[in-house]
Structure formats: C-alpha cells, structure tokens
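Student: sequence? don't have it. structure:
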C-alpha cells in the first residue's frame with residue numbers, strides 16, 4: 001500500500017510540475033515552452049469578453065508572443081494550483097490565474113501521460 005501511495009505522490013508532483021512550467025512560461029511570455037507542454041492535438045475552449053473560443057491553443061500561443069509578458073510589463077500576475085487529481089495515466093488540474101494579460105481566469109487542465117511524459121491535452125477556461 002505504501003508503494004502505491006508514493007507512486008501516486010510522484011505522479012501528482014509530476015503533473016504539478018507541468019502546470020508550474022505553464023505558469024512560469026505564461027509569466028515570462030515563453031510561447032515555445034507553452035507549445036511543448038501541450039499535446040500537438042490539444043484543445044482549448046473558453047470565453048474571453050463574451051466571445052467563445054473553441055479550437056486549438058494556437059491563438060493562445062500567438063497572443064503570448066504578441067503581448068508584453070507579465071514579467072516584463074510589471075503586471076501583478078500570480079497563479080495558484082487549487083486542485084490536482086490523478087487517476088492512472090490521466091490527470092485534472094484547476095488553476096486560478098490573477099492579472100494575466102489584464103484578466104483573471106479559472107483554468108481546468110486535463111493531462112495525459114504518454115510514453116512516461118505528462119502533456120496537456122485540453123484547457124478549458126473562463127474569466128472569473
């Protein structure tokens with residue numbers, strides 16, 4: 001039983017690491033790292049200013065490249081992982097972002113472990 005608990009703890013730590021890398025890449029405007037964290041067939045869905053965005057994360061990557069990064073602009077960006085669930089090779093993470101490109105967001109990430117590596121396969125978000 002103890003080995004199982006340690007293994008799950010390691011998986012939770014690995015999943016948290018992916019989302020922490022997402023936070024750091026968002027803070028510094030590193031679109032290349034963001035792209036590497038997402039699976040090539042990932043989906044991104046949510047609302048921005050009453051407009052539904054439904055598709056790939058490519059527009060998000062473009063926005064990150066075009067906007068001044070919070071680390072450079074002085075924007076008071078902060079993010080907190082508020083929940084992590086792991087079940088075998090799938091995981092779900094809730095992230096609260098504050099002051100990201102002028103907006104607060106609640107993000108729901110779904111990750112999949114492929115070939116021993118966790119990748120984001122979907123992000124659903126809403127300004128909150």
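Tutor: Nice, I can see it. Small disclaimer: the values here were computed from a predicted structure and weren't measured.

Student: and residue 80, what does it touch?
Tutor: When contacts are counted by CB atoms under 8 Å, 6 or more residues apart in numbering, residue 80 touches 95, 96. (Each C-beta comes from the backbone N, C-alpha and C, glycine too.)

Student: find the nearest non-adjacent residue to residue 104, please.
Tutor: residue 98 (5.1 Å; CB to CB, 6 or more residues apart in numbering).

Student: what segments of the chain are strands?
Tutor: Assigned by DSSP state E, the strands in the chain fall at 38-48, 51-55, 78-87, 90-100, 103-114, 117-127.

Student: about what we covered before: so the residue nearest to residue 104 sits right up against residue 77, yeah?
Tutor: Yes. With contact defined as CB atoms under 8 Å, residue 98 counts as touching residue 77 (7.0 Å).

Student: so the two - more neighbours on which side?
Tutor: With neighbours defined as other CB atoms under 10 Å, residue 98 and residue 77 compare such that residue 77 has more, 18 against 14.

Student: can you count the residues close to the closest residue in space to the more buried one that isn't next to it in sequence?
Tutor: For residue 77, ignoring the flanking residues on the chain, the nearest one in space by CB to CB, 6+ apart is residue 70 at 3.6 Å. Number of residues near residue 70 (other CB under 10 Å) recorded here: 18.
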